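Enquirer: sequence and predicted structure below; questions after.
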Amino acid sequence: MKRVALVGVTGYGGVHFRHLKALAEAGECDLGAAAVVNPEHPDAAEPLAWMREHGAAVYPTAEALFRAEKNRLDLVCLPVGIAAHEPLVRAALDAGADVLVEKPAAGCTAAVDRMIEAERAAAPRRVCVGFQHVWAPEVRRIREAIASGTLGRPLRIVCTGIWPRGDAYYARNSWAARLAAPDGTPVRDSPANNAFAHYLNLELLFAGAPSGAPAEPVSVEGALYRARPEIETFDTCILRFATAAGVPVAVALSHAAERNAHPRIRIECERGAALWSHDGPWSIAGKDGAVLDSGVAAPPHEAMFRAMLAGDFGSGCSLKMARAQVRAVELLTETLPVRTLSRSATRRADGQWTIPGVEEVFDRIYESGEPIDPEWT
């Protein structure tokens with residue numbers, strides 16, 4: 001049975017804890033150690049009680065965990081902030097463990113490249129990035145339909161998504177909506193590099209499906225918008241990436257809206273199309289519209305954790321694969337200024353900023369597959 005360590009049990013660490021706890025109680029792993037840096041946090045109470053009841057070792061820092069557990073761990077899960085990814089991945093590899101690190105891989109490609117070198121030096125230990133949808137059965141089937149030639153070559157891909165985020169989201173840590181953490185480590189936090197990073201990553205995977213590797217973004221056009229005036233980066237974007245695979249990838253994302261519109265992806269190909277939506281329907285259809293395969297996307301976390309415990313790193317998102325999404329975020333940061341919406345955006349009494357009509361604009365982008373300029377001011 002594999003011995004697993006978890007670094008962090010609050011915030012997104014709570015998601016990791018719940019899945020690992022269920023697997024441990026089913027006898028599928030030994031959740032034997034954890035680093036809990038904020039034991040006084042209300043959300044830490046349940047994980048701490050469970051770990052003490054089950055004899056798991058609890059450490060005050062990741063460094064203390066790796067020092068005490070060196071060469072005693074099979075897998076380390078790192079649901080930690082972007083700035084901590086590189087140092088903790090390197091430390092976990094040095095401690096002799098495989099690693100599952102939260103997405104995105106890092107805040108810059110230079111950090112990803114250093115982690116790839118560290119992984120190579122630590123062989124046979126491996127690192128996967130927690131883009132959990134990559135493990136989803138329907139995502140694999142769509143990628144296979146493209147790679148096999150059933151749908152022909154991808155022509156263009158578009159994704160839209162709206163998840164409103166209020167004051168609490170932007171106050172959750174010291175690097176939210178900032179280009180760098182307080183210590184200067186690049187994080188480039190934004191919808192494209194945090195909540196919706198999963199779906200930009202999927203677009204690049206689908207665009208590169210014929211080769212088996214993500215499509216490398218080479219340039220970007222479009223606009224970055226800041227409805228919330230106090231943030232450093234952006235909360236809304238309308239973009240189109242050109243890729244080395246020759247497949248344009250369009251994306252429209254926002255945290256500044258009245259209501260949710262879960263992420264959805266359209267992949268238009270020479271001989272058909274595939275549609276995918278977050279926790280919703282998906283389909284693969286031929287050029288005549290006949291449905292070749294379809295279903296409803298299921299939550300993919302369990303598949304990800306089971307694959308990690310089985311040592312099935314090949315079915316997930318490696319550091320090399322995750323690098324394309326990091327490069328896309330670098331490109332948009334280096335290429336496009338952020339436009340503050342001084343007149344087009346409004347603030348509700350509950351602290352939510354909204355851009356009137358953003359839902360309709362995104363609907364038009366999704367249906368046409370083309371970015372548009374909504375002329376927000």
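Expert: Thanks, I have the structure now. Residues are numbered from 1 along each chain as shown.

Enquirer: V251 bridge partners, please.
Expert: C159, L239 (DSSP bridges).

Enquirer: check contacts around it.
Expert: 158-160, 192, 196, 199-200, 203, 237-241 (Cβ atoms under 8 Å, 6 or more residues apart in numbering). Backbone N, C-alpha and C define where each C-beta goes, glycine included.

Enquirer: as TSV, the residues you listed with pLDDT, neighbour count and distance to D373 would be great.
Expert: Listed next are the contacts of V251 as TSV, based on pLDDT from 0 to 100; neighbours: other Cβ atoms under 10 Å; distance: Cβ to Cβ, whole Å:
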residue	pLDDT	neighbour count	distance to D373
V158	98	24	16
C159	98	26	18
T160	98	27	16
A192	98	24	18
F196	98	24	20
Y199	98	26	22
L200	98	29	20
E203	98	30	21
C237	98	23	13
I238	98	24	8
L239	98	24	12
R240	98	19	12
F241	98	27	17
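
Enquirer: need the helices for the stretch 51-200 of the chain, in chain order.
Expert: Per DSSP state H, counting those that start in this stretch, the stretch 51-200 of the chain carries helices over the ranges 62-68, 85-94, 109-121, 137-147, 167-170, 197-207.

Enquirer: tell me the most buried of those?
Expert: Of the helices of the stretch 51-200 of the chain, the one with the most neighbours on average (mean count of other Cβ atoms under 10 Å) is helix 197-207, at a mean of 26.

Enquirer: what angle separates that helix from helix 137-147?
Expert: Orientation of helix 197-207 against helix 137-147 (axes from the mean of the first three to the mean of the last three Cα atoms, to 10 degrees) gives an angle of 30 degrees.

Enquirer: so which elements touch helix 197-207?
Expert: helix 137-147, strand 154-162, strand 249-254, strand 261-269, helix 319-335 (3 or more Cβ pairs under 8 Å, 6 or more residues apart in numbering; DSSP states H and E).

Enquirer: residue most distant from the centroid, this structure?
Expert: In the chain, D288 marks the outermost C-alpha relative to the chain mean, sitting 33.6 Å out by Cα atoms, centre = their mean.

Enquirer: okay, and that one sits in which element?
Expert: Assigned by DSSP states H and E, D288 falls within no helix or strand.

Enquirer: C-alpha coordinates for stretch 173-187, CSV please?
Expert: The C-alpha coordinates for stretch 173-187 follow below in CSV (Å, rounded to 0.1, in the frame of the first residue of the first chain):
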residue,chain,number,x,y,z
ASN,A,173,-4.2,35.3,0.1
SER,A,174,-1.3,37.8,-0.5
TRP,A,175,-0.9,37.0,-4.3
ALA,A,176,-4.5,36.9,-5.6
ALA,A,177,-4.7,38.8,-8.9
ARG,A,178,-1.1,39.8,-8.7
LEU,A,179,1.8,39.2,-11.1
ALA,A,180,4.1,38.1,-8.3
ALA,A,181,4.1,36.8,-4.8
PRO,A,182,5.4,39.1,-2.0
ASP,A,183,8.8,37.5,-2.4
GLY,A,184,8.9,38.3,-6.1
THR,A,185,8.2,34.8,-7.4
PRO,A,186,6.1,35.1,-10.6
VAL,A,187,2.5,33.9,-10.1
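
Enquirer: average model confidence for it?
Expert: Across stretch 173-187, pLDDT averages out at 97.

Enquirer: and the closest residue to E138 other than its chain neighbours, how far is that from A26?
Expert: Distance criterion Cβ to Cβ, 6 or more residues apart in numbering; nearest residue to E138, sequence neighbours excluded, is W282 at 4.8 Å. Computed as Cβ to Cβ, to the nearest Å, the W282 to A26 distance reads 28 Å.

Enquirer: neighbour-wise, which of these two wins?
Expert: Neighbours around W282 and A26, counted as other Cβ atoms under 10 Å, are more numerous at W282. The numbers are 22 against 8.

Enquirer: the more buried one contacts I142, correct?
Expert: Yes. Look at W282 against I142 with Cβ atoms under 8 Å: they come within range, at 7.1 Å.

Enquirer: which residues do these two both contact?
Expert: Shared contacts of W282 and I142, defined by Cβ under 8 Å, 6+ apart, comprise 274, 276.

Enquirer: poorly predicted segments of this protein, please.
Expert: Across the chain, nothing is flagged by pLDDT under 70.

Enquirer: tell me the contacts of the residue nearest the centre of it?
Expert: Geometric centre of the chain, nearest residue: H198, 3.5 Å, by Cα atoms, centre = their mean. H198 sits next to 103, 131-133, 263 when contact means Cβ under 8 Å, 6+ apart.

Enquirer: got it, and R240?
Expert: Contact analysis of R240 by Cβ under 8 Å, 6+ apart lists 220-222, 248-251, 370-371.

Enquirer: between these, which is closest to K320?
Expert: Of all those, V249 has the smallest distance to K320: 18.4 Å, by Cβ to Cβ.

Enquirer: against E232, how distant is the closest one?
Expert: Distance of V249 to E232, given as Cβ to Cβ: 25 Å.

Enquirer: ok, the two, which is more surrounded?
Expert: Taking other Cβ under 10 Å, V249 and E232 do not tie; V249 has more neighbours (27 against 15).

Enquirer: how about the helices and strands packed on helix 197-207, which one is nearest A91?
Expert: Of all the helices and strands packed on helix 197-207, it is helix 319-335 that lies closest to A91, at 15.5 Å by Cβ to Cβ.
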